[in-house]
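Trainee: Everything below, folded, please.
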Amino acid sequence: MNEVMLALVAGFIVGVLFSILKLPIPAPPVLSGVMGIIGVYLGGLGYAWIVARFFS
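Mentor: Numbering: from 1, shown residues only. Have a look, this model is predicted:
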């Protein structure tokens, strides 16, 4: 849980700094960004499942 809170605080600080400097926020569009993160997570789970199922 500490990692989640640190990531949230770091993201908040970066968002504030980019807004102060009038720069575009360094994040993908909301839906495609979330789907990309979910895809990476599911890919990692799928790899772990395949290794555990077929190679152990």
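
Trainee: ok, Val9 - contacts?
Mentor: By C-beta atoms under 8 Å, 6 or more residues apart in numbering, no residues touch Val9. C-beta here means a position set from N, CA and C on the backbone, and glycine is covered the same way.

Trainee: From start to finish, how long is stretch 12-30 in a straight line?
Mentor: Terminal residues of stretch 12-30 are spaced 16 Å apart (C-alpha to C-alpha, to the nearest Å).

Trainee: if we look at it, which residues are touching it?
Mentor: Gly33, Gly36.

Trainee: mean confidence score for it?
Mentor: For stretch 12-30, mean pLDDT rounds to 87.

Trainee: buried residues in it?
Mentor: Within stretch 12-30, no residue is scored as buried using 16 or more other C-beta atoms under 10 Å.

Trainee: what residue lies at the spatial centre of this structure?
Mentor: The centroid of the chain falls nearest to Ile37 when counting by C-alpha atoms, centre = their mean (5.1 Å).

Trainee: Please identify which helix or strand holds that residue.
Mentor: Element membership of Ile37, judged by DSSP states H and E, is helix 30-54.

Trainee: roughly how far is that helix from the heart of the chain?
Mentor: Per C-alpha atoms, centre = their mean, to the nearest Å, the displacement of helix 30-54 from the mean C-alpha position of its chain is 12 Å.

Trainee: Since that was my last question, I'll sign off now.
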